[in-house]
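Novice: structure, please.
(chains A, B and C)
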Amino acid sequence: MSHYSLLQLARHSLNGHVGWTPAWRSSGLKERYDAVVIGGGGHGCATAYYLAKEHGLTNTAVIEKGWIGGGNAGRNTTIIRSNYLYDASAAIYDHAMQLWKTLGRELNFNVMMSHRGVINLAHDDNEMRQLKRRVEANRLNGVDAEWLDARQVQEYCPIISISPDARYPVLGGTLQRSGGVNRHDAVVWGYARAASALGVDIIENCEVTGLEVQGRDIVGLRTTRGDITCPKVASVAAGHTSVIAKMADIRLPIESHPLQALVSEPVKPIHNCVVMSNAVHAYCSQSDKGELVIGAGIDPHISYTQRGAFPIIEETLAAILELFPIFSRLKLMRHWGGIVDVCPDASPIISKTPVRGFYINAGWGTGGWKATPGSGQVFADLVANDEPNKIAAPFSLDRFTSGRLVAEHGAAAVAH
Amino acid sequence: MFLIPCPFCGPRDQSEFSYGGEAHIARPTEPEALSDEDWANFVFMRSNPKGVFAERWHHTAGCGKWFNVLRNTATDEVLASYKTGEPPPAVAGFQLATPSGEPPIGSGNDGTKVVP
Amino acid sequence: MSMQTFRRKYPTGVNGASPVTFRFNGRQYGGFAGDTLASALLANGVHMIARSFKYHRPRGILGSGSDDPAALVQVGADPARTVPNARATELEIYDGLEAFSQNCWPSLAIDVGSVNDAFGRFLPAGFYYKTFMGPPGNWMMFEGLIRRAAGLGKSPTAPDPDHYEHVNRHCDVLVIGAGPAGLTAARIAAASGARVILAEETPELGGRLLSIEPSSRTMDGQSIAEWLQDTEADLTRSPEITVLKRTCAFGYYGENWVALVESLQDHVPEHARRADLPRHRVWRVRTAQVVLATGAIERPLVFHGNDRPGIMLAGAVRTYLHRYGVLAGRTAVVFTNNDEAWTTAFDLHAAGAEVAAIVDTRDEPGPNVTAKAKSLGIEAFTSATIVETKGRRRLSHMSVMSLDENKQLTGGPRWLYADLLAVSGGWSPNVALFSQSRGRLQFDDTLQAFRPERSWQAERSAGAADGVFDFAACFASGLQAGAEAAQAAGFATDTPQAPACSVDPIDGESGIEPAWDLPSAKPPARTRAFVDLQNDVTSKDLQLAVREGYVSVEHAKRYTTLGMGTDQGKTSSLNGFGVLAGALGKPIADVGVTTFRPPFKPVPFGAVAGQHVGDHFHPRRTTPMHTWHEDQGATFEVVGDWLRARAYPRAGESFEDAVQRECIAARTQTAALDASTLGKIDIRGRDARTFLNRVYTNAWMKLAPGRCRYGLMLNEDGMVFDDGVTACISDDHFHLTTTTGGAAGVLSWMEDYLQTEWPDLDVFMTSVTEQWAVASICGPESWRVVGALLDDIDPNPDAFPFMSHRTGHIAGVPVRVFRISFTGELSYEINVPARYGLWLWQQIMDKGEPHGITPYGTEGMHLLRAETGFIIVGQDTDGTVTPYDLGMDWIVKSSADFIGRRSLTRSDTSRADRRHFVGVLTDDPAIVIAEGSQVIATAEEQDPRTPMIGHITSSYFSPTFERSIALGLIDAGRNRVGERVYIAQRDGEPIPARVTQPNFMQHFGRAT
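Specialist: Below you'll find the model as predicted:
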């Protein structure tokens, strides 16, 4: 693996960059692995990386049905924040936040982590109450968060409309300065490259067709490119988790919904932070290329088509224009959809399953991207030790039986 | 933007309806008799299949009736609709198809195979 | 004004009789009505109009429509109206048009950003992934620079003064594209009586017919112009057709739901734009059948130096010549790998341009074209390629070299001098919409392009969009598609009769030979052959991507940003796949295509949002008494969609003082609240009781007619989600109330259970929220007011007990009065038919006046109920609270099952140390805790984190107890009553407080 640096870039520039080598090894499928990660998205590649790096499980494969990063990792709006209400959520998302801060150097791959600040807007008294409750909880949990009144919101984001006549006037909001955006492809490629360098096989165009379960233990899996013997199988197949779990006769509290997003044509820098509004259901940032990156709410129905209904796009842009009337003449350049695993309490599942050796990381709903490094790291820990650590424990499957939900839904949480 | 054939009103745009999730999950008649696991299974666990799926829709902007639909969640093809309480009609002869033209891999639609 | 020295004639495309003047980069130019900015600038000899995205290289005009990748300009300087990234090849000029080059500073000619070009070799694809990853924040430093260099045009900085609209249409046949195929398809479909919509992206019908030498063909003996006139007249005659020009079909969604965007005013001089017309209109079309006659897109060739202004697509050169009468250069070279492009040389020659040469990568071009070139004395290089071009801001000359049988360079260069290079790498059917509809593509070797293979929806492609290029065949294909579509939609058509069109020997000849990545005479390090002219993606970048393992077509696209610009790769994608295929040593078919995502071309946000902006974004609901509140200067809050009077500050009175005054009146005299927004559901039927007994946590079987009862609703998870009072009118008739925000949700939730779980129950529910107006009169004196109002009800509390209701009249108007209280005071809720609401309110104010009646708002209501410890669902609960958590065990029946009951006994839900609803009193009575504050156990905060034991849900200064009061949820709160807790403060010491039970009336011994 060639090392990346300004110097290397300059050196390779002199001979037309013919000297660069593949970012990750293209490897064939072995018959036996110590651990197999199903799903080559951000969480999957991260899981494999930490399995190899922190637990010595270098004989690990990432099995990806398509091309790595082609699912939700390549379809999300890359918003990074950790200002969640409940202790359990704050713990895992802020763990991720700390990892994001140095991930580029750790992976020797620039993930373009831009800590430009995330604002969550409040539009009525109830939202004010809920967001103030959250911002206080964040502060006491050591998560950076501050309260802004409407004027301060506009100071931080000058282009936002705080007109009191708006149907959803901006009354105030929370600001997490360490929040921001990054480059989704780079994260996936960076983890894959680093994992590959540690010995992990990245297997693309390989679909899992079955899980081999003997008694209550997993012993391997079948794929379109051959069978694998393996004592530990970790599913990180967001969107298709239920499909994978069904191969082991496991039912999950998960429904798969379309989630849509869009970008505008690129324009010169105009929007300097990330703005999110739960009430009008839209969020918006500007990419380094200059595109406005805008996310919508989920389509209500279950679907695996990666397509939603166009009216959701219409409503989302109407909401964006409510917040940013100056964007009306900018143009929608591209819109698309992904498939998100949604849990009843809008919190993830990081858990053992009734099948020994089969682990699930899923249910991140609309907000999984921001957790990628933290999720991969604690999930790797669970897979390696067969016991959830303190951060992962609250997200076990049994919470749906005991009733100990991590209820981040409702007004207290912003879904995305 | 699919059309939903309301059994009472006929085909209407998706946007007239609200969604009710998986159908045929009857509320237990004696919840107290259930274990916590069985109760959780009723309240939370769902089959969420990729393929033919029996689901509930409510004609909110129409007749106000709840009814069931058979839909292929891999393609959003609506196969049939039927009234609450009726069993799902057999879709014999129906062959699951994926949209032609989607990349065979990574499209999210490759769980069911292309009809030749 | 400069002369239009390159204008040759005034064909149908432009109106020579109406000259137009416009400004570009501050300089005034002349053109004609019908010109695009591109055609007008070319007429004035202006080729360089933009800078590219990454290297800021000079960019000219490549295409002649929505396919052009890089000829982008900023329109207008008005901060509210300016439009970035407008495509010069589509932008129609009008008097007073101001356009500017973008992404360049200080000027188009001298652009500081072009240093990127000098350092180009250090900035290959994805260079940013390999550096700037130093200490935290390091990236942020470089990001600023990179962001400023990137982007294209500038966003408006003021709100859009124009408006937009959506219209919905159903039709039988939607024809997209009005070229030869689309026109014939629409004509025969319309003749069948089918409802037809014909959508044409440009201002004119005709498509490719406008881009050929007008005299070169006749149809049914008519000239092209005559035939087009007839056809259009014919179409507009049929009653069932809608012909939409300047209308782009941009999205093809499920079950033939297609979105079109029509531009109504952008081409009109600003002073002439109509305020009553929208700027754009989005047509939301649901159609039985679709005919895709979207034509084809020409591909440039990929060779070193292929990106200079003056290098244009061969087809575009013909379009400018024939549609706009503009000669794109004085001396031209044509460079191609197919016969069709040779006609460009012939047409240029006929128009009086000098054709220096035709360069063809093939060794044997078609006999017809070679013969014709010979007869015209045009030199032709076969088995040859262009290896280099010169000219800083406009092409000046180029060098040609021969290719050997392995397509490698051989021999020496020969220099050709020309200011125009017309290139063609062949035509690709425009399959974007077909692909959006989920049709399957196949790679066609004779076309060297993807074409439709199998449909998924009810659509058919016709003409060039289906890979049919010769004119006669295009007409036939359009007719067949139109006829089939109409028949499939249930209409009979006459047998298709294609116009007999005169044949041009060159028609249908292509003989195309793949030439994806032409060899360069320079070493790789110094070769730059552009694939994507907007994003500056070179063939070298794609090879680098492959070298670094980004071999999946989607990876390569994302790594190099190929085709991710505003043109979405219309001219570049396939060339890119060709280069990748070469680098991977695979056929293109195996490389595959990237997904064609909607929209086909960029659509303004405003158009997508349509009329649903500003006041139309989301409705506001008001009560019958609303105008009265406004007149009294009330402040309002939005609850659900309702505007509710929050308080009635008097002149010079603060909001807080008003709330205190209103509450004192309610406790000491009498006060009235507009409670009309409460959700109301009329429930009837034999089994209404049984139904209520299942949806509420408490017992309803024995509630007598005339009585009322408070109830809680849980979801199956056992958590409180709504509450309200329900009155028994008669054994089979109940009046149920919900929270203001919850009304709709509660009704559909109950309908769900009724219809799907208990269809055997005889129950009927109707929302009557807006049928009843409600005024709540409370306070010790309230019974006097009620007495003065009512004709026939004795309000005396003894005669009219708490939690009962009566039916009576006020001045003959029937009313329902409920003796219920949310404030702890004696109070009466008067319901009247909504149309009497305002009248009732005035009656109350008049009759109440002697008793000092005071209108009070929601804030006072919240405060009063807090003094008695009543909850507000959604404020004191958040979806994680059970009735036991609220200390409302008394409301949970043991006699029978109800929704959510089973969940209450789960291990976590039945914990004794859950968060309980309690009162909180600060040691300092003057301190009012901020709602949302967190409760902690210690006097100091801890590092790094402080455990939280609860939070404050409601907090007020109580005039009744003349001190602050608060309600909250605290871990095992009921076991802590009397204990000390602290309220964390962002700035300052935690506030000491004590836990109490939530009913302050009782706590302070004021309970009745």
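Novice: what residues sit buried inside the longest helix seen in chain A?
Specialist: The residue-count maximum for a helix in chain A (DSSP state H) belongs to helix A:87-107. Neighbour-count burial for helix A:87-107 flags A:88-97, A:99-101, A:103-104, A:106-107 (criterion: 16 or more other CB atoms under 10 Å in any protein chain shown). Backbone N, C-alpha and C define where each C-beta goes, glycine included.
Novice: same check on stretch A:380-394?
Specialist: Buried, per 16+ other CB under 10 Å, within stretch A:380-394: A:Ala380, A:Asp381, A:Leu382, A:Val383, A:Ala384, A:Pro388, A:Ile391, A:Ala392, A:Ala393, A:Pro394.
Novice: over to stretch A:262-281?
Specialist: In terms of neighbour count (16+ other CB under 10 Å), stretch A:262-281 has its buried residues at A:262-271, A:273-281.
Novice: now, the residues you listed that are in strands?
Specialist: A:Leu262, A:Val263, A:Ser264, A:Val274, A:Val275, A:Met276, A:Ser277 (DSSP state E).
Novice: so which of those residues reach chain C?
Specialist: Filtering those for proximity to chain C by CB under 8 Å from any CB of the partner chain leaves A:Ser264.
Novice: spell out which residues of the stretch 151-300 of chain A are next to chain B.
Specialist: Counting by CB under 8 Å from any CB, the stretch 151-300 of chain A sits next to chain B at A:205, A:207, A:239-240, A:242-243, A:246, A:251-256, A:300.
Novice: so where do the strands sit in the stretch 501-650 of chain C?
Specialist: C:530-532, C:537-538, C:603-604, C:635-639, C:642-647 (DSSP state E, counting those that start in this stretch).
Novice: how about a markdown table for those, with distance to C:Gly549, mean neighbour count and mean pLDDT added?
Specialist: As requested, the strands of the stretch 501-650 of chain C are exported to a markdown table (distance: least, CB to CB, whole Å; neighbours: other CB atoms under 10 Å in any protein chain shown; pLDDT from 0 to 100):
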| stretch | distance to C:Gly549 | mean neighbour count | mean pLDDT |
| --- | --- | --- | --- |
| strand C:530-532 | 20 | 30 | 97 |
| strand C:537-538 | 18 | 28 | 96 |
| strand C:603-604 | 36 | 24 | 98 |
| strand C:635-639 | 54 | 18 | 93 |
| strand C:642-647 | 58 | 24 | 97 |
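Novice: and these as CSV, adding distance to C:Ser396?
Specialist: Rendered in CSV, the data for those read as follows (distance: least, CB to CB, whole Å):
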stretch, distance to C:Ser396
strand C:530-532, 18
strand C:537-538, 22
strand C:603-604, 39
strand C:635-639, 66
strand C:642-647, 69
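Novice: and of these, who's closest to chain B?
Specialist: Closest approach to chain B among these is made by strand C:603-604 (16.4 Å; CB to the nearest CB).
Novice: give the partner strands of that closest one in its sheet and their orientations.
Specialist: When pairing is defined by DSSP bridges, strand C:603-604 lines up against strand A:331-342 (antiparallel).
Novice: in chain C, which residue is most central in space?
Specialist: Nearest to the mean C-alpha position of chain C, counting by CA atoms, centre = their mean, stands C:Val608 at 5.4 Å.
Novice: isn't that residue up against C:Val282?
Specialist: Yes - under the criterion of CB atoms under 8 Å, C:Val608 makes contact with C:Val282 at 6.8 Å.
Novice: how about the residues of chain B by chain C?
Specialist: So far as CB under 8 Å from any CB goes, chain B lies against chain C at B:1-3, B:13-14, B:18, B:20, B:26-28, B:30-32, B:34, B:36, B:39-40, B:42-43, B:56, B:58, B:60, B:64-66, B:76, B:84-85, B:99-103, B:106.
Novice: between the strands of the stretch 501-650 of chain C, which gets nearest to A:Val153?
Specialist: Smallest distance to A:Val153 across the strands of the stretch 501-650 of chain C (CB to CB): 18.2 Å, for strand C:635-639.
Novice: what about C:Ile853, how many residues nearby?
Specialist: Neighbourhood size, C:Ile853 [other CB atoms under 10 Å in any protein chain shown]: 23.
Novice: does A:Val62 sit in a helix, a strand or a coil?
Specialist: The local conformation at A:Val62, judged by DSSP: H, G, I helix; E, B strand; the rest coil, is strand.
Novice: from A:Tyr191, how far out is it?
Specialist: 9 Å (CB to CB, to the nearest Å).
Novice: which neighbours do the two share?
Specialist: A:Cys45, A:Ala48 (CB atoms under 8 Å, 6 or more residues apart in numbering or on different chains).
Novice: ok, those two, which is more surrounded?
Specialist: Set side by side, A:Val62 and A:Tyr191 show more neighbours around A:Tyr191, with 36 against 31, by other CB under 10 Å.
Novice: I figured the more buried one hits A:Cys45, correct?
Specialist: Yes - contact criterion CB under 8 Å: A:Tyr191 and A:Cys45 qualify, at 3.7 Å.
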